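In: Pasting a predicted model and its sequence here:
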Amino acid sequence: MAITFAVGESPENVHDEEALVFEPELRNYFRRLSIQIGIAPPDLTNLDPYGDTRFEGAGLFRLEREVDDLRSILEALYRKGGLAPSLEPPEMIGLETEPEGKPCGRNGVLQFLKALKTLSQKARKEGRPLLAIGD
């Protein structure tokens with residue numbers, strides 16, 4: 001199940017045009033990384049795909065730091081090259097909702113993390129929570 005990140009007080013009160021979909025293939029990729037090389041992004045990998053999670057205050061700051069750390073680690077890994085196939089990101093995501101899926105790969109992973117950081121900064125600047133909305 002996909003999780004949607006959005007800024008707002010409740011799932012009913014968010015701006016859909018600014019929402020960011022966290023596809024299950026990407027969440028599984030981050031879990032795989034945490035197991036295989038010890039990267040631990042718990043705020044991303046432990047989200048409930050059926051429930052909602054609010055990030056605000058210290059929790060929002062922790063998520064931002066986790067996203068920054070993960071992005072830095074992945075940029076370094078990707079630059080180094082020669083990754084084991086199990087450490088490569090999925091080439092396609094969104095297969096649950098779109099039969100052909102959407103391209104992802106290394107660029108897609110880094111773009112997702114950048115977009116999530118931007119969305120969390122927007123939430124902090126506006127003094128509103130960042131929601132992770134499950135199905």
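Out: Okay, I see it.

In: Contacts only, for the nearest residue to Phe22 once chain neighbours are set aside.
Out: Using Cβ to Cβ, 6 or more residues apart in numbering and skipping residues adjacent in sequence, the residue nearest Phe22 is Ile3, 4.3 Å away. To be clear about C-beta, it is placed using only N, CA and C from the backbone, and glycine gets the same treatment. Shown in contact with Ile3 (Cβ atoms under 8 Å, 6 or more residues apart in numbering): 21-22, 27, 47, 49, 132-134.

In: Return the subset of those lying in helices.
Out: Among those, the ones falling in helices (DSSP state H) are Arg27.

In: Give me the outermost residue of this protein relative to its centroid.
Out: Within the chain, Gly82 marks the point farthest from the mean C-alpha position, 24.0 Å out by Cα atoms, centre = their mean.

In: Just confirm that residue is within a helix.
Out: No: judged by DSSP: H, G, I helix; E, B strand; the rest coil, Gly82 forms no part of a helix; its state is coil.
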